[in-house]
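Visitor: below is the sequence, then the predicted model.
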Amino acid sequence: MRLSRKKIGALIILCLSVDFGTALAPDENTPLLQGAERASKQPVYWSRVIERLSYPQKGLSLETPQSGAPSILHNPRQGDNPAGGMDSESGGRVSANGTASLKPSAISVYPAANPASRYPLLSWTTVEGAVCYEIEFLQEPPENPDGTELSSHSVWSSREVYKNGYIADLSWFTGESLYWRVRALDYYGNPLGVFSDARLIHVDTSVVPPLKPFLTADMNSDDQPTPLYPVYAWIPVPGAAVYEVELCSQLPENPNGTTPSRYRIWEKKGPGYDIYDDIARIQPGTYYWRVRGFDEEDNPLGVYSDAGKFTVDWNRGNYAACFGDSITHGGGAISYSPADPAYSFETYLNFPVMNLGRSGDTTETMNERFTAEVLPFQPRYLIILGGTNSIRGGVTGQQVVRELTALREQCIEHNIRPVFLTLPPINPEAIFRAFGEETAPYWQREMAVVNQFIRQQRYYIDVEPFLTDQSGLLPERFAVDGLHPDREAKEIIGRIINENWARVTR
């Protein structure tokens, strides 16, 4: 299932803590509330984590810190620090109120010799399981380092932060330096650990670089092939209510321009910080993409981002491919999309594989797109994981079995070995809490029919027992939304496939 923003209107109505009625930057008539006083007066609207965020400020700009463009994308092969390795002084596991947890470590550096503009890009190491983050700005170092509460020296904070990067609006700041720190929050708005060490940044508010989003999606990260359905992701810019992604057949002739490229072949608008491509990018070649923001009146804000690129190569899928729905496509923990490789089980496989997943697929739609979207790659092995959306939507297990049988026959006809994965369980209560969607009442019975069929196939890998609790449900530690396995579960799926790969391919 894809995290549909329309469905999310009925989504989580939980409270976090930011006042969206006031802009990110307080005006001259807005007092700077301190610590607990400010927190108590700032209601939050948690559904924005799914709607993606929409900033109310206008006319802001973005810059990259002195240390270069920070690596916002978390690479699980490099550990918790996107820059590679943990800061020995400020990263790693710490104890907060007796609970072991993760502490972010700041990456961005703005020394006096190269100060930040009034709208700097701040970045930090990711914290596993974080649905969002809280960033805090302080007049002086906090009196509670490694704490879980806002400091009495705090001048402003926000929980509307859904990536480990943030474009701060410091237009209200009149000094030369201030401190910032950040902590991770879970689905319910509870701290996952303590704040990062406070970092001093020097500021020159007279510096106003061009306003442009910062791209975070690397389609060919770690030499992985581009997913058939790319997801374009970025750090939002202040003031933007909606974004437009532009896909081009060549490098745009007007870098950081304000008008569409003559090489544009596709565009799509949406709120937040990612957009799912709705077209299978199956034509071989190199593609370029970029994004720009628009305000609430649909006026362009600033310029296009720098261009990202990705390559489509049919040869990358001729050994193995993965075919399925959003569990295959990737994403999890509410805020993470297939653009975050840590949330795709393909990342953890120790053999080359092409991701042919499509969020929202059923076994019926998988059959419909088999010829056009699987056969061009001619994979020797096709890992099939599908049927979850069908079952929870009320389709019978027997019907799913018929559709999986049809997929198997198509594979055999084209000399492709189908390798079926058993379906992980789901958690209807968590699904309703996250998406406002009901689950078919007899889903467990129907899913058991499907998994029994899969276990009778010549080539299958049984992942279901490793992701099931004593009640036969998908536990929250594996999927906070009850449907999409989070990072730990995706790694488990990858490990189980690796351990069984020799058996199913011999």
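Guide: Alright, I've got the coordinates.
Visitor: residues contacting the most centrally placed residue in the chain?
Guide: In the chain, the residue lying closest to the centroid (C-alpha atoms, centre = their mean) is residue 336, at 2.1 Å. Going by C-beta atoms under 8 Å, 6 or more residues apart in numbering, residue 336 touches 342-343, 486-487. C-betas here are computed from N, CA, C, even on glycine.
Visitor: now, which of those lie within helices?
Guide: Members of these lying in helices (criterion: DSSP state H): residue 487.
Visitor: any idea which of the contacts of residue 336 is closest to residue 295?
Guide: Distances from residue 295 to the contacts of residue 336, taken as C-beta to C-beta, are shortest for residue 343 (30.7 Å).
Visitor: residue 278 sits in which helix or strand?
Guide: According to DSSP states H and E, residue 278 maps onto no helix or strand at all.
Visitor: run a quick neighbour tally on it.
Guide: By the measure other C-beta atoms under 10 Å, the count of residues near residue 278 is 10.
Visitor: the chain: helices as residue ranges?
Guide: Listed in chain order, the helices of the chain (DSSP H) span 35-40, 48-51, 326-329, 363-373, 388-392, 397-413, 428-435, 443-454, 487-505.
Visitor: on that earlier part again, and the pLDDT for the residue nearest to the centre of the chain?
Guide: Looking at residue 336, its pLDDT is 91.
Visitor: equivalent analysis for residue 174, please.
Guide: At residue 174, the pLDDT value in this model is 89.
Visitor: what does the one 10 residues further on give?
Guide: Among the per-residue scores, residue 184 shows a pLDDT of 95.
Visitor: swap in residue 326?
Guide: Residue-level pLDDT assigned to residue 326 equals 97.
Visitor: ok, now how distant is it from residue 229?
Guide: Distance from residue 326 to residue 229, counting by C-beta to C-beta, to the nearest Å: 10 Å.
Visitor: now do the shared contacts for these two.
Guide: 338, 357-359.
Visitor: out of those residues, who's nearest residue 254?
Guide: residue 338 (28.9 Å).
Visitor: quick check: the closest one touching residue 227?
Guide: Yes - when contacts are counted by C-beta atoms under 8 Å, residue 338 is listed as touching residue 227 (6.0 Å).
Visitor: returning to what we had before: could you dump the contacts of residue 336 to TSV with neighbour count and pLDDT?
Guide: Listed next are these as TSV, based on neighbours: other C-beta atoms under 10 Å; pLDDT from 0 to 100:
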residue	neighbour count	pLDDT
342	22	93
343	25	95
486	23	95
487	24	94
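Visitor: check the contacts of residue 336 and tell me the two furthest apart.
Guide: Maximum pairwise distance among the contacts of residue 336 (C-beta to C-beta): 9.3 Å, between 342 and 486.
Visitor: tell me the one among the shared contacts of residue 326 and residue 229 nearest to residue 197.
Guide: So of the shared contacts of residue 326 and residue 229, ranked by how close each gets to residue 197 (C-beta to C-beta), first place is residue 338, at 32.1 Å.
Visitor: how many other residues sit next to the residue nearest to that closest one when sequence neighbours are not counted?
Guide: In this structure, residue 338 finds its nearest non-sequential neighbour in residue 330, 3.3 Å apart by C-beta to C-beta, 6 or more residues apart in numbering. Neighbours of residue 330 under the rule other C-beta under 10 Å: 28.
Visitor: check contacts around residue 330.
Guide: Applying C-beta under 8 Å, 6+ apart, we find residue 330 in contact with 227, 231, 337-341, 343-346, 355, 357, 490.
Visitor: any of those buried? List them.
Guide: Among the contacts of residue 330, those that count as buried by neighbour count (16 or more other C-beta atoms under 10 Å) are 227, 231, 337-341, 343-346, 355, 357, 490.
Visitor: neighbours around residue 469, how many?
Guide: 13.
Visitor: separation between the residue nearest to it when sequence neighbours are not counted and residue 499?
Guide: Leaving aside its sequence neighbours, residue 469 sits nearest to residue 475 (C-beta to C-beta, 6+ apart; 4.4 Å). Per C-beta to C-beta, residue 475 is found 21 Å from residue 499.
Visitor: ok, the two, which is more surrounded?
Guide: For residue 475 and residue 499, the more surrounded residue by other C-beta under 10 Å is residue 475, and the numbers stand at 16 against 10.
Visitor: give the contact list for that one.
Guide: The neighbours of residue 475, taking C-beta under 8 Å, 6+ apart as the test, are 427, 467, 469.
Visitor: next one: the residue lying closest to the second one once chain neighbours are set aside, what pLDDT does it get?
Guide: This means residue 467. In space, and not counting its chain neighbours, residue 467 is closest to residue 424: 4.4 Å by C-beta to C-beta, 6+ apart. Note for residue 424: predicted pLDDT of 98.
Visitor: tell me the mean pLDDT for stretch 190-202?
Guide: Taken as a whole, stretch 190-202 has an average pLDDT of 94.
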